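In: heads up, no residue letters with this:
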């Protein structure tokens, strides 16, 4: 029998002393039957970072994740995970250090909660005693300890998702990859998942997640890559992105309003968007507000802080026109 | 020692097969099966035994002896092989398809260091373990019913396991091509049913016209029946090795094709 492949020390990257590069992707491309889904993506994730791929459905997020986790062959370019190029040669070594939470739940329906973890641990060759100990810890962390003997179909959506995350952590991976971790969950369940993921973040777990929820990206990620139509179109911390692409505040003026108002507001805003629903004014800073209030006298309007959704809608406006 | 291009996947994946991983997948299937083992055993044993006692004893009284063997014993010695075929086939067609499509078990395991080929190997190994179980219980029942002539019949459980391997692989090949549940109907009608009737379970292949005989000997079940019959009736000879070799060849060819088909399908 061949021996289990080990990552060779020589193949590890010459990492900066304090923050090792966990993922380095360059010029990543993927085509499915003549259709290009990923069109040249470059990104990197450092140890301890929490990075989010934010993008609409079909943007290429899941495809990129699948290539990165060695589940789909690379269509072009290069991805290094833990310094190892993805591909047949290092597939097992990479997978051994990755935890993957899939978009669609794929727990074992005929096994109990605990046995799901036990069986998954066996795929990593974890000794039974170690697996039991880790499973107990994870069940406690994910508030599933009292459901350890429950069958999967008796669990709620939120519990299943938490169990999927626990399962992905059973072997103590160096990188946790989550594909839309809260899609389809109700608000309570979603907040509980966020709380658990933040807890993992505090413990230093490196995370890469995809989402199309702005709030999720803002809550969980140090750094967000906005991906649209197979390309990264913006990158930065949620705060930076908001400042750069949406300013500090947004004023939404509700109908009725006319073009004259738009002209009057123009000097105060860095950008104005008019839709049938609202006239949206993006302000660089709050100082523009007092004089603007005079202009808006008599109109119904809402003043709020700019958020990631403004950035997203602005940058991916092409999508909205489709 | 496995080679790098064992399955002809063109360097798209790590083709080495770790036996430990294969066994872990088999264990997963065993744990999952424990929940349904009663229903599973009833269907695996009920059908062949009812069939055997109905045809073997009922019809046997009018048929008399075949090749100097009472008809019930003649049929019983072949039914062991066909039940093993059925058990292995169900496991790697319907059960594997469910694991692959409905339960997404394949996807879940593929995220770990266990490879797709090892998952498929684990499914085939598990199918063979079920065959071992079926063959063991059948051997016991047939022995109690006085339908086994030779002490060599003690080898039937092991034979059941080994015969299960190629049938598991053939089922896997069908599954790798299946786009829907309906697809299996073709294989069950033109593969499984055909083999059931024309592999020498109910009449000796030698009684068929020469050309048909040659065709019948191409069917894997004919060789399975020849093996179980030799053990049950104590007619073991060097031909046993040839039958085993044909089954081994069936396994090697179909499993390789199944692995390639499944990779084309899932590794995209």
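Out: Ah, there it is. Because the structure is a prediction, the values reported are computed rather than measured.

In: from here on, contacts and neighbour counts on C-alpha atoms
Out: OK.

In: interface residues of the stretch 1-150 of chain A facing chain B?
Out: A:1-2, A:69-73, A:87-89, A:91-93, A:95-96, A:98-100, A:106-111, A:119-120, A:122-124 (Cα under 8 Å from any Cα of the partner chain).

In: go again using 7 Å as the cut-off
Out: Contact residues (Cα under 7 Å from any Cα of the partner chain) of the stretch 1-150 of chain A with chain B: A:1-2, A:71-73, A:87-89, A:91-92, A:95-96, A:100, A:106, A:108, A:110-111, A:119, A:122-124.

In: So which of the residues you listed belong to strands?
Out: residue A:100 (DSSP state E).

In: The residues of the stretch 1-150 of chain A next to chain B, buried ones only, as a ChimeraX selection?
Out: Applying 16 or more other Cα atoms under 10 Å in any protein chain shown to the residues of the stretch 1-150 of chain A next to chain B, the buried members can be selected in ChimeraX as follows:
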select /A:71,72,73,87,89,91,92,95,96,100,106,108,110,111,119,122,123,124
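
In: is it fair to say residue B:149 lies in a helix?
Out: No: Residue B:149: not assigned to a helix; according to DSSP: H, G, I helix; E, B strand; the rest coil it is coil.

In: With the flanking residues excluded, which residue is spatially nearest to it?
Out: Spatially, and ignoring its direct neighbours in sequence, residue B:149 is nearest to residue B:233 (5.0 Å; Cα to Cα, 6 or more residues apart in numbering or on different chains).

In: just residue B:89 next, same as before
Out: Closest to residue B:89 by Cα to Cα, 6+ apart is residue B:171, at 5.1 Å.

In: and the one you found, what does it touch?
Out: Neighbouring residues of residue B:171 by Cα atoms under 7 Å, 6 or more residues apart in numbering or on different chains: B:89, B:92-93.

In: Tell me the secondary structure at residue A:304.
Out: strand.

In: who's it bridged to?
Out: residue A:250 (DSSP bridges).

In: Contacts only, for it.
Out: A:249-251.

In: Now for those, which sits with the most neighbours around it?
Out: Most neighbours among those, by other Cα atoms under 10 Å in any protein chain shown: residue A:250, with 24 neighbours.

In: any idea how far the residue nearest to residue B:149 lies from chain A?
Out: Residue B:233 sits 38 Å away from chain A, going by Cα to the nearest Cα, to the nearest Å.

In: Excluding sequence neighbours, find me the nearest residue to residue 142.
Out: Just going to use chain A. residue A:162 (6.1 Å).

In: My question was about chain B, not that one.
Out: Residue B:142's closest residue in space is residue B:148 (Cα to Cα, 6+ apart), at 6.2 Å.

In: measure that neighbour to chain A for me?
Out: 38 Å.

In: Pick out the residue of the stretch 51-200 of chain B closest to chain A.
Out: residue B:113 (4.6 Å; Cα to the nearest Cα).

In: dump the residue contacts of that residue.
Out: Taking Cα under 7 Å, 6+ apart as the criterion, residue B:113 is in contact with A:92, A:95-96, A:123-124.

In: pLDDT and distance to residue A:45 for those - can I get that in CSV?
Out: Formatted as CSV, the entries for the contacts of residue B:113 read as follows, by pLDDT from 0 to 100; distance: Cα to Cα, whole Å:
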residue, pLDDT, distance to residue A:45
A:92, 95, 20
A:95, 97, 17
A:96, 97, 18
A:123, 98, 26
A:124, 98, 24
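
In: tell me which residues in stretch A:38-54 are buried?
Out: Under 16+ other Cα under 10 Å, the buried positions of stretch A:38-54 are A:38-42, A:45-54.

In: for residue B:135, phi and psi?
Out: Dihedral pair for residue B:135: phi -60, psi -30, per degrees, to the nearest 10.

In: Does it touch residue B:160 like I think?
Out: Yes: counting by Cα atoms under 7 Å, residue B:135 does reach residue B:160; the two are 5.4 Å apart.

In: Nice, that's everything, thank you.
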